[in-house]
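Enquirer: got a sequence here, can you build the structure:
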Amino acid sequence: WRSPSSSHSLSAGVRGGHYAVVFVESKPELVQPTTAQAQPVYANIRLGALILLHAEGTETYDVKLTDVVLAPPTAADDLGLRLTVANQSNTHVFPKASLAVFSSDKRLVAKAEAPEKRFLPGQTDSITLTWSGKLPPGETEADAELALRGAAHRTLRDVTADYEAFRFNTMIAKLMELTN
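Expert: Numbers count the residues shown, from 1 in each chain. As a prediction, this is how the structure comes out:
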C-alpha cells in the first residue's frame, strides 16, 4: 500500500454542501504463482469514499412538508402521523418527527418520536410515526383526536406564516411547542 494524500477544496463562491469522491487503489500483488495447471493470479484492493465538503456559513434551508396525514386510532391500527419531507436546501437536514397527544383540557397525555432521518439536498421521502398507547380513563379517542388535530392545524398555520416571513427561529419554537 502506498499512503495516498489528497487535497480537496470548494471553489470560490460555492454555497452549501458538495461531495468529493476519492478512490485509493493498491498495487496488484501476486497471490497465486504460476503453476503447470494455472496462470498467476494477482489481486488488489480499491476503496472509495464519498466526502461531504461544506462551505461554512453558506447553508440555505428550504424544507417543504406535504401530504400530512393524521390517522386516528382504530381497533386495528394505532394513531399515526405520516408526512412527506422535501429537502430543497443546499445542505443535509435531519428532521425528527414527534407526536404529542393532548387531552381535551390541553394536558399532555402521551408523546412518541420517530428516529432522526437524514435528508440529502434534493431528497424527498416520507416520515411515519405511530402511537399505540391507551388514553387515560374519562378521555375518548375523539376528544384526544380533536385536541391534537386543532393543535396541529394551529401550528401548521403559524409555522407557514413564520416561514413566509423568514422568522425561522419563531417557526422552530412553535414546532417544538407542539411536540412538547
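Enquirer: where does pLDDT dip in the chain?
Expert: Low-confidence segments of the chain, defined by pLDDT under 70: 1-19, 54-55, 135-147, 179-180.
Enquirer: can you tell me which helix in it is longest?
Expert: Using DSSP state H, we find that the single longest helix of the chain is helix 141-164.
Enquirer: touching the helix or strand just after that one from outside, list them.
Expert: Later in the chain than helix 141-164, the nearest helix or strand by DSSP states H and E is helix 168-179. The contact list for helix 168-179, computed with Cβ atoms under 8 Å, 6 or more residues apart in numbering, reads 61, 98-100, 111, 113, 151-152, 155, 158-159, 162-163. For every residue, glycine as well, the C-beta is placed using N, CA and C.
Enquirer: narrow those to those that are buried.
Expert: Leu99, Ala100, Ala151, Ala152, Thr155, Asp158, Val159, Asp162, Tyr163 (16 or more other Cβ atoms under 10 Å).
Enquirer: may I see those organised as CSV, with distance to Val24 added?
Expert: As requested, those are exported to CSV (distance: Cβ to Cβ, whole Å):
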residue, distance to Val24
Leu99, 45
Ala100, 48
Ala151, 53
Ala152, 50
Thr155, 49
Asp158, 51
Val159, 46
Asp162, 47
Tyr163, 44
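Enquirer: re earlier: off-centre distance for the longest helix of the chain?
Expert: Here the centre of helix 141-164 is set off from its chain's centre by 22 Å, with Cα atoms, centre = their mean, to the nearest Å.
Enquirer: quick one: that helix to helix 168-179, angle?
Expert: For helix 141-164 against helix 168-179, the angle by axes from the mean of the first three to the mean of the last three Cα atoms, to 10 degrees is 170 degrees.
Enquirer: check contacts around Tyr42.
Expert: So Tyr42 contacts Pro28, Glu29, Leu30, Val31 (Cβ under 8 Å, 6+ apart).
Enquirer: just the closest of these to Gly48, please.
Expert: Pro28 (17.6 Å; Cβ to Cβ).
Enquirer: if we only consider the contacts of Tyr42, which is nearest to Val85?
Expert: Using Cβ to Cβ, the contacts of Tyr42 come closest to Val85 at Pro28, 45.7 Å.
Enquirer: and the contacts of the longest helix of the chain?
Expert: Outside helix 141-164, the residues touching it (Cβ under 8 Å, 6+ apart) are 68, 70, 72-73, 79, 100-104, 106, 109, 135, 168, 170-171, 174-175, 177-178.
Enquirer: one step back: from the buried ones among the contacts of helix 168-179, which single one is nearest Val41?
Expert: Leu99 (57.2 Å).
Enquirer: now the strands for this protein?
Expert: Along the chain, counting by DSSP state E, strands occupy 16-25, 29-32, 41-43, 46-55, 63-71, 79-87, 98-102, 108-113, 124-131.
Enquirer: which strands or helices does the fourth one pack on?
Expert: Helices and strands touching strand 46-55, by 3 or more Cβ pairs under 8 Å, 6 or more residues apart in numbering; DSSP states H and E, are strand 16-25.
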